[in-house]
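# A structural model of the following input is requested.
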Amino acid sequence: MAPDRSEVAALVEPIVVGAGFDVDDVAVQRHPGSDDASITIVVDGDEGVGLEALTELTRTLTARLDQQPWAQQYALEVMSRGVESPLTLPRHWRRNHGRKVELVIGGTAGIGETVHGRIGNLIGDTVSVVVNRKGRLGVREVALADVESAVVAVEFGEPSPAELRLCRGDD
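From the prediction side, this is the model:
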């Protein structure tokens, strides 16, 4: 019998947290017509998650999962959050401080406002977003509850010193 998501989450969370990381997601996908399953564990950390840490976590989690009755019926993948992962929790915003973001702020009738900016300070449940409007920098305070969706935007250049000062709240 394949495991369910809550069972796997309860098994892996103490190990991941003990290693200094957060469990960002647990997914269990059952294979049609069998008891086999694919288990995906997504982890995150304040300084990201390096390849060595992922390798060690995979070994430790495999050893723990192999003790379960369904041990021969799963494939495990342990991965870090990708840059395309949505920002859904306060820690995602905090960990991406200073990075470019594209967010949709809730509106009426399901039509939200798209904002492009740079992630500033997170205070409580409000994030500062540094926006550039035709060369004029400003700070917009956004309640996380109003964010319909948000993802880090890939950028190839360096941010301006003025943008970074505003992200830190220096100006």
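
# ok, Pro69 to Ala63 distance?
Between Pro69 and Ala63 the distance, using C-beta to C-beta, to the nearest Å, works out to 15 Å. In short, each C-beta sits where N, CA and C put it, glycine included.

# please read the previous query as pertaining to Leu103.
Plainly put, Leu103 is 40 Å away from Ala63 if you go by C-beta to C-beta.

# same question for Arg136.
Where Ala63 is concerned, Arg136 sits at a distance of 56 Å (C-beta to C-beta).

# more crowded one of those two?
Taking other C-beta atoms under 10 Å, Arg136 and Ala63 do not tie; Ala63 has more neighbours (10 against 7).

# which residue ranges form the strands in this structure?
When assigned using DSSP state E, the strands of the chain occupy the ranges 22-30, 37-44, 74-80, 100-105, 113-123, 126-133, 136-143, 147-152.

# columns mean pLDDT and distance to Leu57 on top of the ones you listed, output as JSON lines?
Formatted as JSON lines, the strands of the chain follow (pLDDT from 0 to 100; distance: least, C-beta to C-beta, whole Å):
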{"stretch": "strand 22-30", "mean pLDDT": "92", "distance to Leu57": "10"}
{"stretch": "strand 37-44", "mean pLDDT": "93", "distance to Leu57": "7"}
{"stretch": "strand 74-80", "mean pLDDT": "93", "distance to Leu57": "5"}
{"stretch": "strand 100-105", "mean pLDDT": "94", "distance to Leu57": "27"}
{"stretch": "strand 113-123", "mean pLDDT": "94", "distance to Leu57": "26"}
{"stretch": "strand 126-133", "mean pLDDT": "94", "distance to Leu57": "29"}
{"stretch": "strand 136-143", "mean pLDDT": "93", "distance to Leu57": "33"}
{"stretch": "strand 147-152", "mean pLDDT": "93", "distance to Leu57": "23"}
